[in-house]
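In: Sharing a model prediction with you, sequence too.
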Amino acid sequence: MNDILLKNALFEDRRVDIYIHDGIIAGITPSVPGTFPSPAEKYETVDCSSKAVLPSFINMHTHAAMSMMRGVGEDINFHEWLARIWQIESGITPEYVYYATRLACLEMIKTGTATFNDQYWHMPQARKAALEMGIRPVLSYVLCDRMNPAESKIQIRECIRHYEESLKWPEKSQFVISVHAIYSVCEEAIVWAAGFAAEHGLKLHVHLSETEKEVLDCKAAHNGMTPVEYLESLGFFSPDVIAAHSLWLSDKDVEILGRHGVNCVHNINSNLKLTSGYRFRYNELRDAGANVCLGTDGCGSSNNLDMLEAMKTAAMVQKAWREDATAMPLNELFATGTSNGARALGLNSGSLEVGRIADLMLVDIDNWNFISTAPTLANFIYSAHSDCIDSLMCNGRWIMKNRMVDGERDIIRDARKVLNTIY
Ligand SMILES: [Zn+2]
């Protein structure tokens, strides 16, 4: 692997040189203009005088292959939307997932995401697409038996088969078990998934308390228990659980999620679009001990996979509904999309420090959004758009350079071709 020197980059508002060796950040030193490593050291030197360097994003909840389902459910509510999505998904093929995931990876790379936590069908094809694109995939086998015990047994067998297959995967991809939601998976399968994940040290990904209806239905079905109380009664929670949405929470729910150190993923744009709600209890979850992360959800509901947009919206909505301009301060906001995600997934990335994996982005600061005395991070999140992200590195390897991604036109052309065969 090539060693790389990022020369004179703006990092936390000072100029530094960053050395990357074997995919790892090997040094961060104050930049001295005009000094370069000797040619014998064989560094690929990148002039970063007009760039800021930041850790790349970690999208903690998405359904990548929904990238060709943008706009299929506009102006309808969540449960109507879900029925429509399930109807479309009944016709998708492994080939569709491969091309749709490639398209999603292209968008994620262009918008600064180097790791994504996916929940979708046909995992082998999704994984193939992601690895070809050079992005780090976290992939689920998804249990979603629609409360059919016979189907549940089949899916558990399949899940074990995929887990065994994953033992041969290279380190760059990670296998996770997903329980789609409490309303779509039999109790026996939920209990099995929690036990299997604990036994094999796997992360457990679930949609949790996304809508008020989910909470009301759960209370009616399970002796007044909320979805959080119900899952706790099944022994589901641990710091390995990644709970997407976690939106409709009682005080007791917050206490439970905090006590177990659950990773709660905020998906603001999806929640707003489907009118699932917007009063995400960021302060309370953080203070209780939960690890709050950020995701986009799939393009079927959020319409894009842009983490920078998600970050800005999340902060604006927190400030608005709390009527508190101090809510979700910048550094915490940025951590939800970077270091908190790394912590949730057990990855040695998410921040730029010596010894960490070189997952990072270069941001073009030579434009109007950054002509300001404010911190770069403020201008990046609140002023700029993701088209200022110039280059992206995953595992010490460039997967976008100067806004160019290998094979971009082919990825778009192939996706369009496959889309035309489906609808
Ligand atoms: Zn989702």
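Out: All right, it came through fine.

In: What is the burial count for the residue lying closest to Phe237 once chain neighbours are set aside?
Out: Once flanking residues are discounted, Phe237 sits nearest to His260: 3.8 Å by Cβ to Cβ, 6 or more residues apart in numbering. Quick note: C-beta positions are derived from backbone N, CA and C, even for glycine. By other Cβ atoms under 10 Å, 20 other residues sit near His260.

In: Need the phi and psi values for His260.
Out: Main-chain torsions, His260, degrees, to the nearest 10: phi -90, psi 0.

In: nearest spatial neighbour of Cys159, skipping sequence neighbours?
Out: Using Cβ to Cβ, 6+ apart, the nearest residue to Cys159 is Tyr141, at 4.4 Å.

In: Could you check the pLDDT of the one you found?
Out: For Tyr141, the pLDDT comes out at 97.

In: And it, how close does it get to Leu345?
Out: Computed with Cβ to Cβ, to the nearest Å, the distance linking Tyr141 and Leu345 is 16 Å.

In: same thing with Val228?
Out: For Val228 relative to Leu345 (Cβ to Cβ), the value is 22 Å.

In: Pick out whichever of the two has more residues nearby.
Out: Val228 (28 against 22).

In: which SS state does the more buried one fall under?
Out: helix (DSSP: H, G, I helix; E, B strand; the rest coil).

In: Surely it is in contact with Leu249?
Out: Yes: counting by Cβ atoms under 8 Å, Val228 touches Leu249, with 6.7 Å between them.

In: Next, show the common contact partners of these two.
Out: Common contacts of Val228 and Leu249, defined by Cβ atoms under 8 Å, 6 or more residues apart in numbering, comprise Ser209, Leu257.

In: State the number of residues packed around Arg286.
Out: 18.

In: And the helix or strand hosting it, how far out from the chain middle?
Out: Assigned by DSSP states H and E, Arg286 falls within helix 282-288. Distance of helix 282-288 from its chain centroid, counting by Cα atoms, centre = their mean, to the nearest Å, is 20 Å.

In: got the buried residues for that helix?
Out: Tyr282, Asn283, Glu284, Leu285, Arg286, Ala288 (16 or more other Cβ atoms under 10 Å).

In: Tell me the helices and strands packed up against it.
Out: The contact analysis (3 or more Cβ pairs under 8 Å, 6 or more residues apart in numbering; DSSP states H and E) places helix 282-288 against helix 251-259, strand 291-294, helix 307-322.

In: Name the stretch among these that sits most buried.
Out: Neighbour counts (mean count of other Cβ atoms under 10 Å) averaged over each of the helices and strands packed on helix 282-288 peak at strand 291-294, with a mean of 26.

In: Low-confidence ranges, this structure, go.
Out: 1, 34-40, 423 (pLDDT under 70).

In: who does the spatially most central residue of it bridge with?
Out: By Cα atoms, centre = their mean, the mean C-alpha position of the chain lies nearest to Asn59, the distance being 1.5 Å. Taking DSSP bridges, one finds Phe116 as the beta-bridge partners of Asn59.

In: Next, the buried residues of the host helix or strand of Tyr96.
Out: If you go by DSSP H and E, Tyr96 is part of helix 94-110. Judged by neighbour count (16+ other Cβ under 10 Å), helix 94-110 contains these buried residues: 96-110.

In: Tell me the one of those residues nearest Ile25?
Out: Closest to Ile25 out of these is Ile109 (19.9 Å), distances taken as Cβ to Cβ.

In: ok, that closest one touching Val405?
Out: Yes: assessed by Cβ under 8 Å, Ile109 is found in contact with Val405 at 5.5 Å.

In: Next, show the common contact partners of these two.
Out: Here Ile109 and Val405 have Met133, Ile399 as joint contacts, going by Cβ under 8 Å, 6+ apart.

In: Show me what the helix or strand encompassing Ile190 is in contact with.
Out: Applying DSSP H and E as the criterion places Ile190 in helix 187-200. Helix 187-200 is contacted from outside by 143, 145, 149, 152, 155-156, 159-160, 163, 177, 179, 182, 185, 202-204, 231, 234-236, 238, 240, using Cβ under 8 Å, 6+ apart.

In: Those residues in helices, which ones?
Out: Judged by DSSP state H, helices contain the following of those: Pro149, Ser152, Gln155, Ile156, Cys159, Ile160, Tyr163, Leu231.

In: Return a ChimeraX selection command for the buried portion of these.
Out: Of the ones in helices among the contacts of helix 187-200, the buried ones go into a single ChimeraX selection, burial set by 16+ other Cβ under 10 Å:
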select :152,155,156,159,163,231
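
In: what's across from Leu204 in the sheet?
Out: Beta-bridge partners, per DSSP bridges, of Leu204: Ile177, Val241.

In: show me where the stretch 1-150 of the chain has strands.
Out: In the stretch 1-150 of the chain, the strands defined using DSSP state E, counting those that start in this stretch lie at 3-11, 14-21, 24-30, 43-47, 51-55, 57-62, 113-118, 136-143.

In: from memory Ser246 sits against Thr211, does it?
Out: No: contact criterion Cβ under 8 Å: Ser246 and Thr211 do not qualify, at 11.9 Å.

In: between these two, who's got more neighbours?
Out: A count of neighbours by other Cβ under 10 Å puts Ser246 above the other of Ser246 and Thr211, at 28 against 23.

In: And the closest residue to Val262 other than its chain neighbours, how far from Asp118?
Out: Spatial nearest neighbour of Val262, chain neighbours left out: Val241 (4.9 Å); criterion: Cβ to Cβ, 6+ apart. Distance, Val241 to Asp118, by Cβ to Cβ: 17 Å.

In: now Gln174
Out: 10 Å.

In: what is in contact with the two at once?
Out: Jointly contacting Gln174 and Asp118 under the rule Cβ under 8 Å, 6+ apart are Pro137, Val138, Leu139.

In: Might you report the residue contacts of the first one?
Out: For Pro137, the contacting residues are Thr115, Phe116, Asp118, Ala126, Arg127, Ala130, Leu131, Ser173, Gln174, taking Cβ under 8 Å, 6+ apart as the criterion.

In: just these now: which is nearest Ile92?
Out: Ala126 (11.7 Å).

In: and the closest one, how many neighbours?
Out: Around Ala126 there are 29 residues (other Cβ under 10 Å).

In: I figured it hits Tyr141, correct?
Out: No: Ala126 is not in contact with Tyr141 according to Cβ under 8 Å; the separation is 11.0 Å.

In: related to what we said a few turns ago, let me have the contacts of Pro137 in TSV, extended by distance to Leu392.
Out: Output for the contacts of Pro137, formatted as TSV (distance: Cβ to Cβ, whole Å):
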residue	distance to Leu392
Thr115	11
Phe116	13
Asp118	18
Ala126	19
Arg127	19
Ala130	14
Leu131	16
Ser173	18
Gln174	19
